[in-house]
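Participant: got a predicted structure plus its sequence, pasted below:
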Protein chains: 2
Amino acid sequence: MPRASTTSDVFNAIAESRRRDILSFLAQQERPVTDIVLQLGLEQPSVSKHLRVLRDVGLVRVRREGRQKFYRTNAEAIRPLYEWTSTFQRFWRHQLIRVKERAEAQANKI
Amino acid sequence: MPRASTTSDVFNAIAESRRRDILSFLAQQERPVTDIVLQLGLEQPSVSKHLRVLRDVGLVRVRREGRQKFYRTNAEAIRPLYEWTSTFQRFWRHQLIRVKERAEAQANKI
DNA sequence: TTGACATATTCCCATATCGGCATATATACT
DNA sequence: AGTATATATGCCGATATGGGAATATGTCAA
């Protein structure tokens, strides 16, 4: 069994750094493909392929206008990722508290 | 160029769902490998390999005790993921507000 | 219709992957 | 030393990948 498909879920789709770059770029404003190509310095077919993956998992939406297609990030689709990572928040907080306590204990010794 | 290595960064490491399962299991408490095998119903070599990947990117820490090795999640390493997803928070909030507004406008029409 | 522009798809290739199985290493016990 | 337990590694095979280059599709304009 090979690695799970990039289109199998949001976790696999965002593993590619260029796709994360695209998502960040398309978050504030919808953009035509050419803008992404220019902004990120990638080949046009490469961008189209990445957009296909992102579209398949619902991370971007498209709107056609003449011969252009405007893509925008569907932030809602990133939420599951946010929520999964959030479950660990309390643990890194605890770790930070412990680090702080150790640092203070060390400081008091001096 | 193939897909980036699973050990190249945290994003690639957590793309695998079993690795996410392992991280969740090891978040609250450190556990020996056998516990993970029993809890998740995976083969022992498979678990060892997943742990290797997680260790390489700093997502877990190990402590040896006799012939056992106790693994625990290093929550701090998940933070970059949390932070990246957080940058989209304001966008999905906007989207939700818009959905809410539309729903209310619809309700007022009735 | 022909040509120009915008985007998408196809084919090829080198490579990392995960599972399965066997085996290696490391530690403890007698 | 020899055996049992705990964990790690090596090898194999099937497969999806991303880049590159070429080409296809779709749309406008003259």
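Facilitator: Perfect, I can see it now.

Participant: which residues sit in contact with the residue most central in space within chain A?
Facilitator: Central residue of chain A (Cα atoms, centre = their mean): residue A:20, 4.2 Å from the mean position. If a contact means Cβ atoms under 8 Å, 6 or more residues apart in numbering or on different chains, then residue A:20 has A:14, B:11, B:84 as its contacts. In this view, the C-beta of every residue, glycine as well, is placed from N, C-alpha and C.

Participant: tell me how far it lies from residue A:63.
Facilitator: Distance of residue A:20 to residue A:63, computed by Cβ to Cβ, to the nearest Å: 22 Å.

Participant: again, but for residue A:24
Facilitator: Counting by Cβ to Cβ, the gap from residue A:24 to residue A:63 is 19 Å.

Participant: equivalent analysis for residue A:32, please.
Facilitator: Using Cβ to Cβ, residue A:32 is found at 10 Å from residue A:63.

Participant: give me the more crowded residue out of the two.
Facilitator: Neighbour count, other Cβ atoms under 10 Å in any protein chain shown: between residue A:32 and residue A:63, residue A:32 has more, with 16 against 11.

Participant: isn't that one right next to residue A:70, touching?
Facilitator: Yes - using Cβ atoms under 8 Å, residue A:32 is in contact with residue A:70, at 5.6 Å.

Participant: quick one: the strands in chain A?
Facilitator: Using DSSP state E, the strands of chain A run over A:31-32, A:60-65, A:68-73.

Participant: partner strands of the last one, with direction?
Facilitator: With DSSP bridges as the test, strand A:68-73 is paired with strand A:31-32 (antiparallel), strand A:60-65 (antiparallel).
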